[in-house]
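Novice: sharing a model that was predicted from the sequence below.
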Amino acid sequence: MGDEHMTNHTIGVTGATGALGGRVAARIARLGLAQRLIVRDINRAPEYPESSAAMAVYEDTDAFERACRGVDTLFLVSATESEDRLQTHLSAVDGAVRAGVSRIVYLSFLGAGPASTFTFARTHFFTEAHIRSTGVAHTFLRPSLYLDLLPHWVDDEGVVRGPAGDGRIAWVSRDDVADVATAVLTDPVVVAASEETTYDVTGPEALSVGATVAKLGRLTGRSIQYVPETWEEALESRRRTGAAEWEIEGWASSYSAIAAGEMDVVATTVPDLTGHPAQSIEGFLRRHPSALSHVAV
């Protein structure tokens, strides 16, 4: 796939008003490439040169098909977690395929499998399987848990609670995931090498939750600690939020997946595809010095 093809190539970007899709759309715009921003609210769509916008929700296959017409490659950001998220994904995939999309780059999750400990990762596996079954060319990006969300794991008292044990995780920044996605979508060399490929996308170092919070404390001067919970304790402590049981199990199972070793992966995808090192916890805090300002010193 040469440069001329990419010049005449329209990239569809979903989630363009969100944290990840928005980053990707902005990067594609800086490259001056044509893109179609597929959004739920047309009034919130970013405006870039060489971009157009179409309104559609994943759940409406016909509307999503119309929004994807003329799109060659689709960047499909996974939908917000819900009980019927799998069906939501399948609807969007079917609409894209009916529209003639030739390639789908799907934002999945690390360790996606039919029996993943992290319950939300199971949906990603079955979405990947459906994309494969359509015969469309595809690339799957499987990021680790987001470094950007790590501060939200720390409560106002400086405590992280969960059944993570001594398992390790290589937190990855959204910026790095967006850089990888942009390369997979736009760089002719990477595009040619990435068809039918699954990439794990991680940070540079795997740490236990205990070691992670210890590092956060040293770097910020704030008192942060990890308090282990059993599975039942984790469920009970989260039930106070009033969230649905499927959501509570999803939150708690992210810790259990760490304990099970399912997130103990350090991949070189970020430097290999972007040419720069993956962002560390230190680097993230330099860029976001107020990330833990909610925790007392």
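Specialist: That came in fine, so what should we check first?
Novice: C-alpha only now, for contacts and for neighbours.
Specialist: Fine.
Novice: Val105 sits in which helix or strand?
Specialist: Applying DSSP states H and E as the criterion places Val105 in strand 103-107.
Novice: typed the wrong thing, it's Ala267
Specialist: With secondary structure defined by DSSP H and E, Ala267 is part of neither a helix nor a strand.
Novice: and Tyr226, that one's in a helix?
Specialist: No: Tyr226 sits outside any helix when classified using DSSP: H, G, I helix; E, B strand; the rest coil, being strand.
Novice: Three-state assignment for the residue lying closest to it once chain neighbours are set aside, please.
Specialist: Ranked by C-alpha to C-alpha, 6 or more residues apart in numbering and with sequence neighbours excluded, the top spatial neighbour of Tyr226 is Val160, at 4.8 Å. With three-state DSSP as the basis, the three-state label of Val160 is strand.
Novice: count of residues packed around Val160?
Specialist: 21 (other C-alpha atoms under 10 Å).
Novice: in this structure it contacts Val227, no?
Specialist: Yes: Val160 sits in contact with Val227 when judged by C-alpha atoms under 8 Å, with a separation of 6.1 Å.
Novice: if you count contacts, what does the helix or strand where His89 lies end up packed against?
Specialist: Per DSSP H and E, His89 falls inside helix 85-99. When contacts are defined as 3 or more C-alpha pairs under 8 Å, 6 or more residues apart in numbering; DSSP states H and E, helix 85-99 packs onto helix 61-68, helix 119-134.
Novice: return the most buried member of those helices.
Specialist: Using mean count of other C-alpha atoms under 10 Å, the stretch among those with the largest mean neighbour count is helix 61-68, at a mean of 22.
Novice: so how far is that helix from its chain's centroid?
Specialist: Remark: helix 61-68 is offset 23 Å from the chain centroid, using C-alpha atoms, centre = their mean, to the nearest Å.
Novice: specify the beta-bridge partners of Ile11.
Specialist: In this entry, Ile11 is beta-bridged to Gln35, Thr73, by DSSP bridges.
Novice: give me the neighbour count for Ser194.
Specialist: Burial of Ser194, expressed as a neighbour count using other C-alpha under 10 Å, amounts to 19.
Novice: excluding chain neighbours, what is closest to it?
Specialist: With sequence-adjacent residues excluded and distances taken as C-alpha to C-alpha, 6+ apart, Ser194 is closest to Thr139, at 6.2 Å.
Novice: need the helices for this structure, in chain order.
Specialist: Chain-ordered helices for the chain, with DSSP state H as the definition, fall at 3-7, 19-30, 61-68, 85-99, 119-134, 150-153, 174-186, 188-194, 209-220, 231-239, 245-259, 269-274, 281-287.
Novice: how many neighbours does the residue nearest to Trp246 when sequence neighbours are not counted have?
Specialist: Among residues not flanking Trp246 along the chain, Glu83 sits closest, at 7.1 Å (C-alpha to C-alpha, 6+ apart). Per other C-alpha under 10 Å, the neighbour tally for Glu83 reads 13.
Novice: can you read off the pLDDT for Glu83?
Specialist: Predicted confidence (pLDDT) for Glu83: 94.
Novice: I'm done for today, thanks for sticking with me.
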